[in-house]
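> Can you look at this prediction? I've put the sequence above it.
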Amino acid sequence: MIIQPPFKVALTADFYDDLGNLKYPDVGLDLFEDSPGIEITRFAKHSPEISPDQFTGINTTIVLTP
């Protein structure tokens with residue numbers, strides 16, 4: 001059996017408040033709960049532009065604001 005690494009989806013940091021809680025908990029991330037091959041993560045900080053180093057180890061990104 002081949003074990004695939006998870007498909008990592010990163011949310012930009014502006015999805016979260018200062019305490020690390022989602023600002024919009026009903027954004028639909030629950031759709032990924034039954035998908036064991038998908039891992040939700042987040043950017044450590046919000047920047048006006050996403051830098052290439054923020055994509056390290058990430059497969060795709062969901063951006064809240066530019």
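Happy to help now that I have it. Residues are numbered from 1 along each chain as shown.

> Find the nearest non-adjacent residue to the spatially most central residue of the chain, please.
A centroid search over the chain (Cα atoms, centre = their mean) returns residue 10, at 2.1 Å, as the residue closest to the centre. Using Cβ to Cβ, 6 or more residues apart in numbering and skipping residues adjacent in sequence, the residue nearest residue 10 is residue 58, 4.5 Å away. Yep, even glycine has a C-beta here, placed from its N, CA and C like the rest.

> Stretch 3-20: which residues count as buried?
Neighbour-count burial for stretch 3-20 flags 9, 10, 11, 12, 14, 15, 16 (criterion: 16 or more other Cβ atoms under 10 Å).

> Just say helix, strand or coil for the second one.
Taking DSSP: H, G, I helix; E, B strand; the rest coil as the rule, one finds residue 10 in the strand state.

> cool, the fifth one as well?
Here residue 14 takes the helix state, with states given by three-state DSSP.

> in the sheet, who's paired with the residue nearest to the centre of the chain?
For residue 10, the beta-bridge partners are residue 41, residue 61 (DSSP bridges).

> Residue 30 versus that one, what's the distance?
17 Å (Cβ to Cβ, to the nearest Å).

> still on that earlier bit, with the buried residues of stretch 3-20 in mind, which one is nearest to residue 63?
Comparing those against residue 63 with Cβ to Cβ places residue 12 closest, at 5.0 Å.

> Check whether the closest one really touches residue 61, as I assumed.
Yes - Residue 12 lies in contact with residue 61 (Cβ atoms under 8 Å); the separation is 6.8 Å.

> No further queries at this time; thank you.
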